[in-house]
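Visitor: here's a sequence, model it:
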Amino acid sequence: MELSIQGLPTAMRAEPAASASPRSGPVEGKVFESIARAEGFTATIHEAVLAEKPVLEIRDFALWYGAKQALFSISFPVAAGKVTALIGPSGCGKSTLLRSVNRLNDLIDSVRVSGDMLLNGDPIYGSGVDAIELRKRIGMVFQKPNPFPMSTFENVVYSLRIDGVRDRALLEEVCERSLRGAGLWEEVKDRLGESVLQLSGGQQQRLCIARAIAAEPEVLLLDEPCSALDPIATGRIEDLIEELKGNYSVLIVTHNMQQASRTSDYTAFMYLGRMIEYGPTADIFRIPRLPETEDYVTGRFG
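Guide: Have a look, this model is predicted:
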């Protein structure tokens, strides 16, 4: 059965699950065999994904580092107001894809791309697109907290300062709203003028999220935001992701299968730079349509 939505390729298919059969290893699956032989194949996209209104549409996107190809003809939509997780083994292209959404890979001289991405219908890689302006519409939080060496207040309102906002009342309003949105206001409201470096690692990461949402982005990108945090701080970030859902469209890269299952509405499984299967998180983890997906989420490889 082939489906399409909003101009996405009809090659994005939803296929019925094949009957299970004993396998000695995941590479014996048909999809992985096709990859090994460099043959074309189509990602398995569940119907529920295509029924959602997309905030971001990735269309036949490929990326090379010099002569080495890292991403191969990736096409999929990201649902508006939902949390979408990217999972897959290390080196499969998850972070490369995430960084491509706000064009951070442009900073690498050897990178070239083909295909396109649309943010609420606007081309991300179109000619004349201002990457700096684009990044104001797409917030990003990295693996390790990266606060600026300044006060908590100035960190949060940094994007407004760059845009020339000088109204103190407006800056204070945005600061409080963003810190409340990041679940940090009560912890820092009495020391907004102090250096952010006095905060714990978990607090710094939530501060980075507050700084990202202060600009009211259309999409929030999270690149393994909990990988450097302890379990308590991780739990707070996961609670925050749940609170942000609806107001923001979140695309998160994670190696933690439990985290993906807890925090996301939809999950996309990537392997060797390709999208393999993408669907509702509950289906991907409980009733995936491809044996390769089942092998990964159950720990048979990766």
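Visitor: quick check: Arg135 touching Arg99?
Guide: No: with contact taken as CB atoms under 8 Å, Arg135 and Arg99 are classed as non-touching, separated by 11.1 Å. Every C-beta, even on glycine, is put in place using the N, C-alpha and C of the backbone.
Visitor: so these two - more neighbours on which side?
Guide: Regarding Arg135 and Arg99, a neighbour count based on other CB atoms under 10 Å identifies Arg99 as having more, with 21 against 17.
Visitor: I'd guess the more buried one is in a helix, am I close?
Guide: Yes: under DSSP: H, G, I helix; E, B strand; the rest coil, Arg99 sits within a helix.
Visitor: how close does the closest residue to it other than its chain neighbours get to Arg211?
Guide: For Arg99, the nearest residue in space outside its immediate sequence neighbours is Asn105; the separation is 5.1 Å by CB to CB, 6 or more residues apart in numbering. Asn105 sits at a distance of 22 Å from Arg211 (criterion: CB to CB, to the nearest Å).
Visitor: can you give me the helices in the chain?
Guide: 30-36, 47-50, 94-101, 131-137, 152-156, 158-162, 168-181, 185-188, 201-213, 231-244, 257-263, 281-286, 291-297 (DSSP state H).
Visitor: OK, contacts around Val156?
Guide: Residues in contact with Val156 (CB atoms under 8 Å, 6 or more residues apart in numbering) are 174-175, 178-179, 207, 210-211, 214.
Visitor: out of those, grab the one that's most surrounded.
Guide: Ala210 (28 neighbours).
Visitor: residues contacting that residue?
Guide: 155-156, 178-179, 181-182, 184.
Visitor: follow-up on the earlier one: out of the helices of the chain, flag the one nearest Ser110.
Guide: helix 94-101 (12.7 Å; CB to CB).
Visitor: packing partners for the closest one?
Guide: Taking 3 or more CB pairs under 8 Å, 6 or more residues apart in numbering; DSSP states H and E as the contact definition, the neighbouring helices and strands of helix 94-101 are strand 54-65, strand 68-79, strand 83-87, strand 111-119, strand 219-223, strand 249-253.
Visitor: the third one packs against which elements?
Guide: It refers to strand 83-87. Of the remaining helices and strands, those touching strand 83-87 by 3+ CB pairs under 8 Å, 6+ apart are helix 94-101, strand 249-253, helix 257-263, strand 266-271.
Visitor: quick one: the last one to chain centroid distance?
Guide: In this case it means strand 266-271. 11 Å (CA atoms, centre = their mean, to the nearest Å).
Visitor: what lines up beside that strand in the sheet?
Guide: When sheet partners are counted by DSSP bridges, strand 266-271 sits next to strand 83-87 (parallel), strand 274-280 (antiparallel).
Visitor: again with the second one
Guide: Here the strand partners of strand 249-253, with direction, are listed using DSSP bridges: strand 83-87 (parallel), strand 219-223 (parallel).
Visitor: hmm, back to that, hang on, the residue nearest to Arg99 packs against Leu97?
Guide: No: using CB under 8 Å, Asn105 is not in contact with Leu97; the gap is 9.6 Å.
Visitor: before we move on, the earlier item: looking at the strands paired with strand 266-271, which is nearest to Phe61?
Guide: Proximity of these to Phe61 was assessed by CB to CB; the nearest stretch is strand 274-280, lying at 9.7 Å.
Visitor: that older thread, so between Asn105 and Leu97, which is more surrounded?
Guide: Leu97 (27 against 21).
Visitor: for the residue nearest to Pro280 when sequence neighbours are not counted, give its distance to Tyr271.
Guide: Counting by CB to CB, 6+ apart, the nearest residue to Pro280 once its immediate chain neighbours are dropped is Ala48, at 5.1 Å. For Ala48, the distance to Tyr271 under the criterion CB to CB works out to 21 Å.
Visitor: cool, thanks, talk later.
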